[in-house]
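In: Prediction below, plus the sequence it came from.
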There are 4 protein chains.
Amino acid sequence: MVVVVEHNATEKNIEDIIKVLHDFGFDVHRSTGVNQTVLGAIGVKPDFDMRQIELLSGVAHVYRITEPYKLASRSFRNEKTIVDVGGVKIGGDDIVVMAGPCSVENEKQIFEIAQRVAKSGAKILRGGAFKPRTSPYAFQGLGEEGLKLMRRAADENGLKMITEAMDISQIELMEKYTDVIQVGARNMQNYNFLRELGKSTKPVMLKRGLSATFEEWLMSAEYILSGGNKNVMMCERGIRTFETATRNTMDISAIPVVHAKSHLPVVADPSHGIGIRDKVIPMARAAVAAGADAIIVEVHNDPDHAKSDGAQSLFPNQFEEMMKQIRLIAEAIGRKVA
Amino acid sequence: MVVVVEHNATEKNIEDIIKVLHDFGFDVHRSTGVNQTVLGAIGVKPDFDMRQIELLSGVAHVYRITEPYKLASRSFRNEKTIVDVGGVKIGGDDIVVMAGPCSVENEKQIFEIAQRVAKSGAKILRGGAFKPRTSPYAFQGLGEEGLKLMRRAADENGLKMITEAMDISQIELMEKYTDVIQVGARNMQNYNFLRELGKSTKPVMLKRGLSATFEEWLMSAEYILSGGNKNVMMCERGIRTFETATRNTMDISAIPVVHAKSHLPVVADPSHGIGIRDKVIPMARAAVAAGADAIIVEVHNDPDHAKSDGAQSLFPNQFEEMMKQIRLIAEAIGRKVA
Amino acid sequence: MVVVVEHNATEKNIEDIIKVLHDFGFDVHRSTGVNQTVLGAIGVKPDFDMRQIELLSGVAHVYRITEPYKLASRSFRNEKTIVDVGGVKIGGDDIVVMAGPCSVENEKQIFEIAQRVAKSGAKILRGGAFKPRTSPYAFQGLGEEGLKLMRRAADENGLKMITEAMDISQIELMEKYTDVIQVGARNMQNYNFLRELGKSTKPVMLKRGLSATFEEWLMSAEYILSGGNKNVMMCERGIRTFETATRNTMDISAIPVVHAKSHLPVVADPSHGIGIRDKVIPMARAAVAAGADAIIVEVHNDPDHAKSDGAQSLFPNQFEEMMKQIRLIAEAIGRKVA
Amino acid sequence: MVVVVEHNATEKNIEDIIKVLHDFGFDVHRSTGVNQTVLGAIGVKPDFDMRQIELLSGVAHVYRITEPYKLASRSFRNEKTIVDVGGVKIGGDDIVVMAGPCSVENEKQIFEIAQRVAKSGAKILRGGAFKPRTSPYAFQGLGEEGLKLMRRAADENGLKMITEAMDISQIELMEKYTDVIQVGARNMQNYNFLRELGKSTKPVMLKRGLSATFEEWLMSAEYILSGGNKNVMMCERGIRTFETATRNTMDISAIPVVHAKSHLPVVADPSHGIGIRDKVIPMARAAVAAGADAIIVEVHNDPDHAKSDGAQSLFPNQFEEMMKQIRLIAEAIGRKVA
């Protein structure tokens, strides 16, 4: 932590600040300039609230000089993490595609979609059995029945599966059925839940909160990592801005920036990122071009009658077209779609 | 729902749109203008995704014409809701003040603060026993021990108490100890949790999410109300903007706007809203002037050594000064501080 | 400027960084800790781009330790600036009210409004002769004719006047007619214009840009101040957020925060801040309660037929009511409305 | 315009609303449902403020049903506009690259850069002679001397040139020296300036404002188009969000969305969009993958000593690498770099 002293602070002020820092357990290095004195405080604890120092008389500014997360950082582990989902590897050279409906609705639907996306090259089936919905009156998912259907649909088509858990009480079921547990954007800072996921044996895909900074998102990953679960993937799915023409604003820069800060794989979700079916393909292309390790996308056999998110779901033939296009983009940057 | 047809749509397009609307169970009223045809679709279900219609050929725009929430709205109940917390009434003429530390740290601390805030006129003791912290390495609260201490500190000083529950598993404990359950900003859309709170006998104070719109915030209240719990209070605590000089940007307009849209009481939290101790008092004054039904504020007997949020906690004598000032403001608008 | 060195930087890295800093003309103070080395670079020029240092090998973080503005800061001048508008003093104990229509439309309108607002206690007449409109097809104002009408309406009712200049070419006209020149939100960073206003003899009211930080806003004030014009007022008029229920989100915290950072008076514009007539009064009360030095508000004799912004303009009797209410709030905080 | 009547409005209310609409010159079509009446108001003028109707008794909601811009819209002109810059065509199949320094600093610098970028395949030289700087103390550009140097550097290397005009007074100089006039983000709503550019013979590249919606941005294009200048290009350069790790948040979705709404070409500026040199290349790839018609990028022969924006400028060899990569991406989507 660096403490910049006000240029008109007295020697007494400075001594008092140093004393407080010592009381908090810091080692202090003083650098006295002609106009300004700067104190380096070494040994900051991750839970230290810097505002405690900002408020002292004579303090101009206080800066944290270490990232608040550790296990998620490149300085902890420089080599990229590869998450192995039953043989499907995310974070390596190959780009993995996860596809499927927003919600599992019935057997016919999920089997038909699973078959189609497998045929086009998806490796992991996505789909929701428990749905977090803004309205209490909306369709809330099929629950365990949905998980069973998805598991069978995935297995019969040689796919792995990913599905969302909404709270601690659902983790046990997840362990039984799914290959990857998804944490939704609105749960990104549900800390007790994250802590429990740290004890899970399943990889976790952590969606970015609607207004989360990269730092906060990585701090949430830290909760899972610090519990012992090393298989965490970060998923960019759009942030909230003032723009209303798109559902969210997909922050493509999250891909190169999080890759620079962290060793964890980055997944891109263009379906939620833009929220309009006919713009999903260009956004998927952009995500691959920017270096995403995986793409997760909504596909429905009959989007016009989907129980949720039909408007942003691709038709199966659009998905096939998307696969064709991102394969070319992947090659252009020296990777390939798995 | 209003469906505006593109001005160059064909009669065939229009007939197809009407057919789809009928299939979804809508009554359709057609209004044919010279340049533009407009369809009124009556009977929209709360879970209907309007994008299903937006994507049809020939559709220019689709507008929802009813609020997606019901029980929380002024059109459902015009008279203001008064939440009765063991005799302390929130939402009536009197303005209620809730005060206390961010976290319960130990017996001495909570008793000393409770005594001081009670003496200055607070009616409800605030404090956290379970703390949602951005960092997994930070102080996470005393748990049930904290609840017990708070209960005793409140009782001995003639105060009611409010504390935060972080997930479903903590509701049972809350029923045992607290008078009001607080839902934190990061949990505003933790829907399973909200649904369970709908079954609680305790009033709930629902904090606004960091980037929640008024509509989403009221939809979350709807989850609780629709479960049968009518005692919901809305708490404005600042939203996230690009400004970094303040911790959050406190949206004072939430007070008159939510009052116009809903019958539920509105509480203002200037401590989190601005995040800097010496600006808390002017923001508290502004909130009262704008019509807040209650103020919740952090007070600490020794903020410099608080385990969390010390920097935004008032000293007890500052709290007394705040009470003095908001009493004058309350009178100026024809109300009084309870 | 403080340069924090990466904890695994080599001695060679550190020497290279120091060399670059010397080349840029900085004095460098080195503080070598066990884990981390920190360099204090003294003598930063206001136009120095810190990213030049951030990119060097071995640099972890770079922090500016002085505010980028000088003349606008409390450290340059601690005593509050009082802007004297022909005897009406803004920034002292008394709160000044500026009121009038969005646009000057015709003689009858401006005279009628001027008389009404003067009678209710306004000291300064506001109104636009040149209107910055989002649409090229919208009413663009009466131009010089509008300025003449306003000047006469102000003079005959004992009022001073404020009006907006849109670019350099209009400054000359402004010098001739108005008492205060307003810079609109969309012009806050029109630097050539600001520079010219620095040479004006008229006080300038600088509106905050839709997404400007406090620092950028004060930097824009610095442009005017550095040109020699010391009479600058800052006007908070709402920022852009994701909320769509209000036109803007009025950032009441701007009032205490800018007062802490700067000696310049702060004006609040609740009409643009919230954009809905029936919420203007509570927001005006909140602004006064938070410490605003002046309130600027739109009033129209016939808002239903106003050529612009009718929906956020108060009726004259509402304005009278507002004056009554803010007088009480002003007294409650020990000030009075001028 | 569609006016939705409150469900408990009286027949008298509805008649009054219809009367007001007639008075404003609208044709009104009434659609009376069981629960709700909807009025279609035909003939809305572009400058009509819908809030005039929203405030009437009995009105629930009002919706505009036509885009507020015309000439910029796909419904006015469906075929894509191709802007011809002295033979370099932007908006057709080929992707054009514009490159050069942030500011022209001296002869040697601009000639060296021009030669390098031309060699790597750029078609247009970018560079600033008049610099809009946040600080009044920062380097403000070489002025006309800079324009002359740029013109010669462009000509001698077979390049066209683009440079920014900051206000009306500089347009005349621009006509003399440059091929394309750039409007900066902070000037996007400087309406008098836009109007004058509508009379220019030069193509205009209009940068998106820091917090502008797509609609506002297209409205600003409308100002230029309605003045008679048909050669307008839209440039996405990042918007402001709460994220601080990047300078701006580059909204890649602007590319497909503006293409869908408008016939105007879309240019992407990854240098300002992300603001960090080593992330510029992935963002340029993403922009091309999403369908950008042109890329504008900062390149400097000695970025460490650049007078402005050195930190986001590519080294010439990085630029060459970028060209190589985007050529491959362009091919992958069936286009090529010009």
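Out: Received it, and whenever you're ready, just let me know what you need. Residues are numbered from 1 along each chain as shown, chains lettered A, B, ... in the order given.
In: Strands of the stretch 201-338 of chain A, residue ranges please.
Out: Taking DSSP state E, counting those that start in this stretch, the strands of the stretch 201-338 of chain A run over residues A:204-207, A:232-236, A:266-268, A:294-298, A:336-337.
In: Contact partners for the nearest residue to A:Ile276 once chain neighbours are set aside?
Out: Nearest residue to A:Ile276 in three dimensions, chain neighbours excluded: A:Gln312, at 6.3 Å (Cβ to Cβ, 6 or more residues apart in numbering or on different chains). For every residue, glycine as well, the C-beta is placed using N, CA and C. By Cβ atoms under 8 Å, 6 or more residues apart in numbering or on different chains, A:Gln312 lies in contact with A:Cys102, A:Arg247, A:Ser271, A:His272, A:Ile274, A:Gly275, A:Ile276, A:Arg277, A:Val280, A:Glu298, B:Arg51.
In: Point out the residues in the stretch 151-300 of chain A that sit beside chain D.
Out: By Cβ under 8 Å from any Cβ of the partner chain, the residues of the stretch 151-300 of chain A that approach chain D are A:211, A:213-215, A:239, A:241-246, A:249-253, A:255-257, A:260-261, A:273-274, A:278-279, A:282-283, A:285-291.
In: one more time with 6 Å, if that's ok
Out: Counting by Cβ under 6 Å from any Cβ of the partner chain, the residues of the stretch 151-300 of chain A close to chain D are A:211, A:213-214, A:241, A:243, A:245-246, A:249-253, A:256-257, A:274, A:279, A:282, A:285-286, A:289-291.
In: Out of those residues, name the ones that lie in helices.
Out: Judged by DSSP state H, those include A:Phe214, A:Pro256, A:Val257, A:Ile274, A:Lys279, A:Pro282, A:Arg285, A:Ala286, A:Ala289, A:Ala290 as members of helices.
In: can you list the weak-confidence ranges in chain A?
Out: For chain A, applying pLDDT under 70 flags the ranges A:33-35, A:44-47, A:65-66.
In: At which residues are the helices of it located?
Out: Counting by DSSP H, the segments of chain A that form helices are A:11-23, A:51-54, A:107-120, A:144-156, A:171-177, A:191-197, A:214-226, A:254-261, A:270-274, A:277-290, A:316-332.
In: can you list those helices in TSV and add mean neighbour count?
Out: Shown next, in TSV, are the helices of chain A (neighbours: other Cβ atoms under 10 Å in any protein chain shown):
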stretch	mean neighbour count
helix A:11-23	15
helix A:51-54	18
helix A:107-120	20
helix A:144-156	19
helix A:171-177	16
helix A:191-197	22
helix A:214-226	24
helix A:254-261	22
helix A:270-274	28
helix A:277-290	27
helix A:316-332	19
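In: In TSV: those helices, plus distance to B:Asn192.
Out: Listed next are the helices of chain A as TSV, based on distance: least, Cβ to Cβ, whole Å:
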stretch	distance to B:Asn192
helix A:11-23	43
helix A:51-54	34
helix A:107-120	23
helix A:144-156	15
helix A:171-177	13
helix A:191-197	10
helix A:214-226	19
helix A:254-261	28
helix A:270-274	20
helix A:277-290	29
helix A:316-332	31
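In: I'd like to know which of those lies nearest to B:Glu175.
Out: Set against B:Glu175 and scored by Cβ to Cβ, the helices of chain A come closest in helix A:191-197, at 18.1 Å.
In: Now do that closest one: distance to the chain's middle.
Out: Chain-centre distance of helix A:191-197: 15 Å, with Cα atoms, centre = their mean, to the nearest Å.
In: Would you format the strands of the stretch 201-338 of chain A as TSV with mean neighbour count included?
Out: Converted to TSV, the strands of the stretch 201-338 of chain A look like this (neighbours: other Cβ under 10 Å):
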stretch	mean neighbour count
strand A:204-207	26
strand A:232-236	26
strand A:266-268	28
strand A:294-298	28
strand A:336-337	16
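In: Tabulate the ones you listed (CSV), appending distance to chain C.
Out: Formatted as CSV, the strands of the stretch 201-338 of chain A follow (distance: least, Cβ to the nearest Cβ, whole Å):
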stretch, distance to chain C
strand A:204-207, 18
strand A:232-236, 18
strand A:266-268, 22
strand A:294-298, 23
strand A:336-337, 32
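In: Understood, closing this out.
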